[in-house]
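**Q** Pasting the sequence and the predicted model now:
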Amino acid sequence: MNVRLLRAVGAATAAYGAAVTARPGLLGLPSGLGNEEPVRISLRPVGLRDAASGAALLLAPRGPALVTAAALRIAADAGDAVLLGRTLPGRSRRWGAVAVSVGWGALSVAGLLWPERKGPDA
């Protein structure tokens, strides 16, 4: 397991999630959903979910807790890829959401599968 990579994914996800919670238009506008009040109300929980799952990756101790946090993050990214990839308005926005979601999920998978470097150069 590459703890450094998982921590970096966690930090980035937590920061993005906090930003979306505070300013839902950061997700709503590029996704084509807009920035109207119903959209902002609906996207804030998504931002909070990302902030919480990112914080879990950042703070969980090594071992089963970190693996569980990574699995949660991977499941959230997979769900986003499927749901947003099927429902966002416009093909390019759907494909963009799939690419971003799969990319972040792949980073978490890589963090679980790639060993950390050991030795004097690490």
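**A** All right, it came through fine. This structure is a prediction, so every number in the text was calculated from the model and none was measured. Numbers count the residues shown, from 1 in each chain.
**Q** Only C-alpha atoms from now on, for both contacts and neighbour counts.
**A** Noted.
**Q** so what's the residue lying closest to Ala22 once chain neighbours are set aside up against?
**A** Nearest residue to Ala22 in three dimensions, chain neighbours excluded: Arg44, at 7.5 Å (CA to CA, 6 or more residues apart in numbering). Neighbouring residues of Arg44 by CA atoms under 8 Å, 6 or more residues apart in numbering: Val20, Thr21, Ala22, Pro24.
**Q** so which helix or strand takes in the first one?
**A** For Val20, the element it lies in under DSSP states H and E is helix 3-22.
**Q** residue ranges of the helices in this structure, please?
**A** Per DSSP state H, the chain carries helices over the ranges 3-22, 25-28, 37-59, 64-87, 91-113.
**Q** How about residues contacting the fourth one?
**A** With CA under 8 Å, 6+ apart as the contact definition, helix 64-87 has outside contacts at 6, 53-54, 56-57, 60, 94-95, 97-99, 101-102, 104-106, 108-109, 112.
**Q** for Gly90, phi and psi?
**A** Dihedral pair for Gly90: phi 90, psi 130, per degrees, to the nearest 10.
**Q** Just give me the neighbour total for the closest residue to it other than its chain neighbours.
**A** The shortest distance from Gly90 to any non-neighbouring residue, by CA to CA, 6+ apart, is to Gly32 (7.8 Å). Neighbours of Gly32 under the rule other CA atoms under 10 Å: 14.
**Q** Done for today, thanks.
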